[in-house]
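1. could you look at this predicted model? Sequence included:
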Amino acid sequence: MSKYLITGGAGFIGSHLAESLVGRGHSVRILDNFSTGRKENLSAVSGRVEILEGDIRDRDAVRTAVAGMDFVLHQAALVSVTQSVENPEETLAVNVAGTLNVMQAAREARIRKVVLASSCAVYGAGPIPAREEQSTMPLSPYAASKLAGESFALSYYSSYQLPCVCLRYFNVFGPRQDFHSPYSGVIAIFIARAVAGKPVTIYGDGRQTRDFIYVGDVVRANILACESDRADGRVLNIGSGRGRSLLELRSELEALCGVRMKLERSAPRTGDIRHSRCSPARARALLGFSPQTDFRAGLDATVRWQRDGSELKTP
Ligand SMILES: NC(=O)c1ccc[n+]([C@@H]2O[C@H](COP(=O)([O-])OP(=O)(O)OC[C@H]3O[C@@H](n4cnc5c(N)ncnc54)[C@H](O)[C@@H]3O)[C@@H](O)[C@H]2O)c1
């Protein structure tokens, strides 16, 4: 049994991590300021995780949270690209200075490893499939902040030998992903519209593609990164390696929900990239990681959660 701190543990991905780790018999502490995270996300592990309400910008709160832990899964971040464009300073403070606080506290507490949630956003409009060794091209303050967070984490590995792994998540989807905001993940929004019998808006021709990965697979990638030392000091893509267009997504959902989804077309959004897809080779080679959840099964679980709150058990 190990002790895990999950920053941002009340959020979409963090709460799945918490549930899975508790299910495996580990001890879990969460540090979250509940800006986008919600207590209800943790209802399945209520009373079985320690919850500290605090901010990663607050050094003392981070030190207290990290003390006595074996591993830190650092998920807390401002995740909205739009918000980062409107207020880059706040994104810098949370995603960069906050990450530095986490690394410094982890170093002082001699944590065994920090696994950092990074993002495919660091690739911008770079070549497809995105490979970890290619140049990055952050197109938003959010992307820049994720890249800076990675750099700090890797610098702690080389300067202080603090083991760390940076996981560049592609488009994660699954139950508990917020679907209320127009800036939520496209799958969450499409399902919400399908379930409510409302039309979906497609910006551009709908042939833009994304690499979708189910949240349970992202959880597995984090656990593998803790359990093996082969990826220490490395950056890894965590995606499916397959691009799916928004039109394909709509057809899958129509088949699953048994409805016809009306489309509303709108002009392409500035800054939206056309295609995103990863090379999953490095994560496979170093961690033996490849996604196990079939896309349709993941969609089905997400639809069921949006309809009636039921969920697939997180692996
Ligand atoms: N969801 C995706 O598709 C995706 C893709 C790439 C990367 N990521 C990364 O994965 C991580 C988790 O994202 P998510 O989708 O679960 O988002 P989320 O918004 O559901 O979770 C983020 C959590 O961090 C908390 N938080 C935010 N600011 C904080 C602060 N200053 N101090 C303490 N807690 C704070 C929030 O309350 C929330 O619980 C983020 O680092 C994000 O950048 C997500």
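-> Arrived safely.
2. and residue 272, what's its pLDDT?
-> Note for residue 272: predicted pLDDT of 82.
3. now swap in residue 309 and tell me
-> pLDDT at residue 309 comes out at 71.
4. with residue 180 instead?
-> Per-residue pLDDT puts residue 180 at 81.
5. that one belongs to a strand?
-> No - judged by DSSP: H, G, I helix; E, B strand; the rest coil, residue 180 forms no part of a strand; its state is coil.
6. just give me the neighbour total for it.
-> Residue 180: 9 surrounding residues under other Cβ atoms under 10 Å. Quick note: C-beta positions are derived from backbone N, CA and C, even for glycine.
7. then the one 3 residues further on?
-> Residue 183 has 12 neighbouring residues, counting by other Cβ under 10 Å.
8. for it, what are its contacts?
-> By Cβ atoms under 8 Å, 6 or more residues apart in numbering, residue 183 lies in contact with 80, 81, 82, 83.
9. distance check, residue 242 against residue 276.
-> Shown here: residue 242 relative to residue 276, a distance of 11 Å by Cβ to Cβ, to the nearest Å.
10. tell me, what's touching these two both at once?
-> Shared contacts of residue 242 and residue 276 (Cβ under 8 Å, 6+ apart): residue 211.
11. which one's more surrounded, the two?
-> Neighbours were counted for residue 242 and for residue 276 using other Cβ under 10 Å; residue 276 has more, 24 against 16.
12. pop out the phi and psi values for the closest residue to the more buried one other than its chain neighbours.
-> Once flanking residues are discounted, residue 276 sits nearest to residue 210: 5.3 Å by Cβ to Cβ, 6 or more residues apart in numbering. For residue 210, the backbone dihedrals (degrees, to the nearest 10) come out as phi -140, psi 160.
13. near the ligand, which residues of the stretch 51-200 of the chain are found?
-> With Cβ under 6 Å from any ligand atom as the criterion, the stretch 51-200 of the chain meets the ligand at residues 55-57, 75-79, 94, 98, 117, 119, 169, 171-172, 185.
14. OK, contacts around residue 2?
-> Counted by Cβ under 8 Å, 6+ apart, residue 2 has contacts 26, 27, 70, 71, 112, 226.
15. the third one and residue 112 touch, don't they?
-> Pointing back at residue 70 there. Yes - with contact defined as Cβ atoms under 8 Å, residue 70 counts as touching residue 112 (4.9 Å).
16. pLDDT below threshold where in the stretch 201-315 of the chain?
-> Under the criterion pLDDT under 70, the flagged ranges of the stretch 201-315 of the chain are 310-315.
17. which of the residues of the stretch 51-200 of the chain next to the ligand are buried?
-> Buried members of these, scored by 16 or more other Cβ atoms under 10 Å, are 55-56, 75-79, 94, 98, 117, 119, 169, 171-172, 185.
18. max pairwise distance over those residues: which two?
-> With Cβ to Cβ as the measure, no two of these lie farther apart than 55 and 171, at 27.0 Å.
19. tell me which residues of the longest helix along the chain come out buried.
-> When the chain is parsed with DSSP state H, its longest helix is helix 141-160. Using 16+ other Cβ under 10 Å as the test for burial, helix 141-160 gives 141-150, 152-154, 156-157.
20. ok, the residues you listed vs the ligand, which is closest?
-> residue 146 (6.2 Å; Cβ to the nearest ligand atom).
21. that closest one contacts residue 122, doesn't it?
-> Yes - with contact defined as Cβ under 8 Å, residue 146 counts as touching residue 122 (5.6 Å).
22. pLDDT of the helix or strand containing residue 64, averaged?
-> For residue 64, the host element (DSSP states H and E) is helix 59-66. The average of the pLDDT scores along helix 59-66 is 98.
23. quick one: contacts of the helix or strand following it?
-> Downstream of helix 59-66, the first helix or strand assigned by DSSP H and E is strand 71-74. With Cβ under 8 Å, 6+ apart as the test, strand 71-74 has contacts from 2-9, 14, 17, 66, 99, 102, 106, 111-117, 222, 226.
24. next SSE downstream of strand 71-74?
-> Sequence-wise, the next helix or strand downstream of strand 71-74 (DSSP H and E) is helix 81-86.
25. need the helices for the stretch 1-150 of the chain, in chain order.
-> 12-23, 59-66, 81-86, 88-91, 98-108, 141-160 (DSSP state H, counting those that start in this stretch).
26. now the weakest link among those, please, by mean pLDDT.
-> In terms of mean pLDDT, the lowest-scoring of the helices of the stretch 1-150 of the chain is helix 81-86 (a mean of 93).
27. could you export that one as CSV, CA atoms only?
-> Output of helix 81-86 as CSV, limited to C-alpha atoms (Å, rounded to 0.1, in the frame of the first residue of the first chain):
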residue,chain,number,x,y,z
VAL,A,81,-7.8,27.7,-22.9
THR,A,82,-10.3,30.6,-23.3
GLN,A,83,-9.7,31.7,-19.7
SER,A,84,-6.0,31.5,-20.3
VAL,A,85,-6.3,33.8,-23.2
GLU,A,86,-8.4,36.2,-21.2
